[in-house]
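Undergrad: everything below, folded, please.
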Amino acid sequence: MNAPDPLALPFLPRDEIGPVFAEPWQAQAFALALQLHAAGAFSWTEWAEALSERLKTAGADDDGSRYYEHWLETLEGLVKTKALLTAKALADRKDAWADAYMRTPHGRPVELHAED
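TA: Residues are numbered from 1 along each chain as shown. From the prediction side, this is the model:
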């Protein structure tokens, strides 16, 4: 399977080397989308079209600073649409991450454990 063409996502924040991320979760969401694509969960065309639609609904006032929030919302939408997880399982996982975030001391990496 070929790697997706980054030019298929023209609004992706990037520098001359490639995508840029302001926070670690953005890189993780990016990598998760690539992994799901590589596993055959969705085609790159499906992904690009879904993200494009999400960005269009953001409106003209969107300055691009929420790009990866849109990326994550698109990813969640495809996970639900493709029934890769149930809505409850996705909500439970998001809650587990929120709990892990709240118990993590400032400056430390957030970790999700098996019991979460």
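Undergrad: export the helix or strand harbouring E53 as CSV, just CAs?
TA: E53 belongs to helix 44-58 when assigned by DSSP states H and E. C-alpha atoms of helix 44-58 as CSV (Å, rounded to 0.1, in the frame of the first residue of the first chain):
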residue,chain,number,x,y,z
TRP,A,44,-6.9,8.1,1.7
THR,A,45,-9.5,9.5,-0.6
GLU,A,46,-12.2,8.8,2.0
TRP,A,47,-10.1,10.5,4.6
ALA,A,48,-9.3,13.6,2.5
GLU,A,49,-13.0,14.0,1.6
ALA,A,50,-14.2,13.6,5.2
LEU,A,51,-11.6,16.1,6.4
SER,A,52,-12.4,18.5,3.6
GLU,A,53,-16.1,18.4,4.5
ARG,A,54,-15.3,19.0,8.2
LEU,A,55,-13.1,22.0,7.4
LYS,A,56,-15.8,23.4,5.2
THR,A,57,-18.3,23.3,8.1
ALA,A,58,-15.8,25.2,10.3
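Undergrad: show me what counts as buried in that helix.
TA: Neighbour-count burial for helix 44-58 flags W44, W47, A48, A50, L51, R54, L55 (criterion: 16 or more other CB atoms under 10 Å). Yep, even glycine has a C-beta here, placed from its N, CA and C like the rest.
Undergrad: ditto for stretch 13-29
TA: Within stretch 13-29, judged by 16+ other CB under 10 Å, the buried ones are Q26, A29.
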